[in-house]
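Q: How does the following fold in three dimensions:
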Amino acid sequence: MICRFPPKVTLSLLSVCLLTGSVAMTALSPAALAQTAGAASPVDAASAVSPVSALYDALKAAQKTGKTAQQRATMIAPAVDRAFDLEAILRRSVGVRYNNLSPSDRTRLLGSFRQFTIARYASSFKPEAQAAFRINPQTRPNPTGGLIVDTTIGGTDGGDVTPIDYIMTNGTSGWRITDVLLNAHISQVAAQRADFGGALSQGGASGLADHLDSKTAHFLHD
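A: The predicted structure is shown next:
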């Protein structure tokens, strides 16, 4: 993968997908898509795209005016909260062990995961990054449910770009992101599962929260 904007931008942005260097494939073959019923209605498509568009607007603004990682994190936080179903992502990343966690452990983990997600973006999109964001307004069906919003992140010079696709699920809070796909097939949730599982095995829920807090501190260190 070659990017014309600083490699750290892409690698930092996608570190949540590649925490341990392992990847997992989510099949999105044409045949599978062909078996999925119908395209989304214009209303659903627009509603699914809206959270991603708002997230990218926040990232562009933070990249332009946020001088420190903490400033950028403050600017990005509301858009992250609106765009992501963080609890759904955390639950799937932890796996079946999530069901056995106490309410207090879940609350602490979700708080740590939220801060980690925000800090990761704040670290990625510094003023010098000059990343350009493009969103395809036409969604496509996800074989396992929901919709996929296709986007790219690349350099402002129009050079090579990295596909970043979002799995959108429609719940009680509307359409929200429940997974992120790098290069259209590398699942954030699946890749996180190995890293989170290791931290849980070694230190339980508290160990995983500490693990995420450590990464957050690293991302916010200018």
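
Q: Can you list the buried residues in the helix or strand where residue 206 lies?
A: Using DSSP states H and E, residue 206 sits within helix 188-219. Along helix 188-219, these residues count as buried under the neighbour rule (16 or more other Cβ atoms under 10 Å): 188-193, 195-197, 199-200, 205, 208-209, 211-213, 215-216, 219. Just so you know, the C-beta spots here come from the backbone N, C-alpha and C atoms, and that holds for glycine as well.

Q: In contact with residue 77, which residues?
A: residue 118 (Cβ atoms under 8 Å, 6 or more residues apart in numbering).

Q: Beyond the worst-scoring helix or strand of the chain on mean pLDDT, next helix or strand please.
A: Lowest by mean pLDDT, DSSP states H and E among the helices and strands of the chain is helix 30-34, with a mean of 39. Counting by DSSP H and E, the element after helix 30-34 in chain order, helix or strand, is helix 42-65.

Q: average pLDDT across the lengthiest strand in the chain?
A: Longest strand in the chain by number of residues (criterion: DSSP state E): strand 161-171. Averaged across strand 161-171, pLDDT comes to 95.

Q: How about residues contacting it?
A: So strand 161-171 is in contact with 1, 3, 10, 13-14, 44, 47-48, 51-52, 85, 88, 134, 139, 142, 145-155, 175-184, going by Cβ under 8 Å, 6+ apart.

Q: Please list only the buried members of those.
A: Looking at the contacts of strand 161-171 with 16+ other Cβ under 10 Å, the buried ones turn out to be 3, 10, 13-14, 44, 47-48, 51-52, 85, 88, 139, 142, 146-151, 153-155, 175-182.

Q: So for the helix or strand containing residue 152, mean pLDDT?
A: Counting by DSSP H and E, the element that carries residue 152 is strand 147-155. Here strand 147-155 scores 93 as its mean pLDDT.

Q: Nearest residue to the middle of the protein?
A: residue 180 (5.0 Å; Cα atoms, centre = their mean).

Q: That residue contacts residue 190, doesn't it?
A: No: counting by Cβ atoms under 8 Å, residue 180 stays clear of residue 190, with 10.7 Å between them.

Q: quick revisit: taking strand 161-171 as reference, get the angle to the helix holding residue 206.
A: 110 degrees (axes from the mean of the first three to the mean of the last three Cα atoms, to 10 degrees).

Q: Please compute how far helix 188-219 lies from its chain's middle.
A: 16 Å (Cα atoms, centre = their mean, to the nearest Å).

Q: tell me what it is packed against?
A: Contacts defined by 3 or more Cβ pairs under 8 Å, 6 or more residues apart in numbering; DSSP states H and E place helix 188-219 against helix 86-94, helix 103-124, strand 174-182.

Q: And the ones you listed: which comes nearest residue 70?
A: Proximity to residue 70 (Cβ to Cβ) singles out helix 103-124 among the helices and strands packed on helix 188-219, at 7.5 Å.

Q: list the buried ones in that closest one?
A: Buried, per 16+ other Cβ under 10 Å, within helix 103-124: 105-106, 108-110, 112-124.

Q: One more: stretch 122-138?
A: Buried-residue list, stretch 122-138, by 16+ other Cβ under 10 Å: 122-126, 129-133, 135.

Q: what's the span of it from first residue to last?
A: Using Cα to Cα, to the nearest Å, the end-to-end distance of stretch 122-138 comes to 28 Å.

Q: Equivalent analysis for stretch 86-100, please.
A: 18 Å.
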